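[1] coords below, sequence missing:
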């Protein structure tokens, strides 16, 4: 997915938010914002929003010397998710999918932090706007190998519960280094996953190395969580199930569904 002119204001907000999370030093914040704005001078509509967002993150982390500005947010969201998983009665793969999809709301990216007035349980009852879950469940039942792209840290707790219902080999994919509140490959290993690969430092999959490409080619099914992965993967790979919530105006216009819509979409 190419960038939308509206993405530019989102990038500015992301730069400011990350700088304030990364350091309390005003001088470093100013330097990081200035360098981010200089980089955004190269903004164009031919590249994905994920590319510009990830580059800004790298600039801020380098200047502030904070490798993981969203660490505290990740820890809090993981604690929330662990408590919620225990609270919910997730006894079927259908409920596990609904919980994992609802958990995509645990996010600090997008053009704003979406504030939900409903509880997590109430959001689980909302309609999935594009729902190809029956095809997804059939694919899961017939698969011998599934590649699963993770998104946010707290959300990953629900993804793990969903994956517990899979009866096949699962290759899990996280970020190589911290990026926003996305979960990293090393953090996936700490969660207990064994077959773990990383998809580089980018938000979304802009580069696929040889080993990951081999796993994708030999897999029976690919599942991708999160809007940023949707922005990037279709440029490189087809036959993927995308599970995400629409979180911004450009994506809303691209798919022609309202912000906040839950999607189980196969492309």
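    Cool, the structure landed. If you're wondering where the values come from, they're calculated on a predicted model, not measured in any experiment. Numbering: from 1, shown residues only.
[2] which residues in the chain form helices?
    Along the chain, the stretches classed as helices by DSSP state H are 7-22, 26-40, 49-64, 71-87, 93-102, 120-124, 133-142, 153-163, 185-190, 210-218, 227-232, 249-255.
[3] and residue 199, which of these is closest to it?
    Closest to residue 199 of these is helix 210-218 (Cβ to Cβ; 6.6 Å). Every C-beta, even on glycine, is put in place using the N, C-alpha and C of the backbone.
[4] any buried residues in the closest one, and which?
    Judged by neighbour count (16 or more other Cβ atoms under 10 Å), helix 210-218 contains these buried residues: 212, 215-216.
[5] out of those, which is nearest to residue 38?
    residue 212 (32.1 Å).
[6] can you pull up the bridge partners for the closest residue to that closest one other than its chain neighbours?
    Of all residues beyond its chain neighbours, the one nearest residue 212 is residue 197 (5.3 Å), with distances taken as Cβ to Cβ, 6 or more residues apart in numbering. Beta-bridge pairing of residue 197, defined through DSSP bridges, involves residue 173.
[7] tell me the contacts of residue 197?
    Neighbour list for residue 197: 171-173, 185, 211-212, 215 [criterion: Cβ atoms under 8 Å, 6 or more residues apart in numbering].
[8] of those, closest to residue 237?
    The shortest gap between residue 237 and any of the contacts of residue 197 belongs to residue 212, at 10.4 Å (Cβ to Cβ).
[9] hang on, the closest one packs against residue 172?
    No - here residue 212 does not reach residue 172: they are 11.4 Å apart, not a contact under Cβ atoms under 8 Å.
[10] tell me the contacts of residue 93?
    Contacts were defined as Cβ under 8 Å, 6+ apart; by that measure residue 93 touches 137, 140, 162, 165.
[11] list the contacts of the second one.
    With contacts taken as Cβ under 8 Å, 6+ apart, residue 140 has the following neighbours: 93, 146, 165-166, 168, 221.
[12] could you list the low-pLDDT ranges of the stretch 1-150 of the chain?
    Low-confidence regions of the stretch 1-150 of the chain, defined by pLDDT under 70, span residues 107-118.
[13] now with 90?
    Within the stretch 1-150 of the chain, the stretches falling below the threshold (pLDDT under 90) are 1-11, 13-14, 43-54, 73, 77, 80, 89, 104-126.
[14] follow-up on the earlier one: from the contacts of residue 93, list just the buried residues.
    Neighbour-count burial (16+ other Cβ under 10 Å) applied to these gives 140, 162, 165.
[15] number of residues surrounding residue 80?
    Applying other Cβ atoms under 10 Å, we find 15 residues neighbouring residue 80.
[16] residue 61 now?
    Under the criterion other Cβ under 10 Å, the count of neighbours that residue 61 has is 19.
[17] residue contacts, it?
    Counting by Cβ under 8 Å, 6+ apart, residue 61 has contacts 22, 67-69, 178.
[18] closest to residue 32 out of these?
    Out of the contacts of residue 61, the one with the shortest distance to residue 32 is residue 22. That distance is 7.1 Å, counting by Cβ to Cβ.
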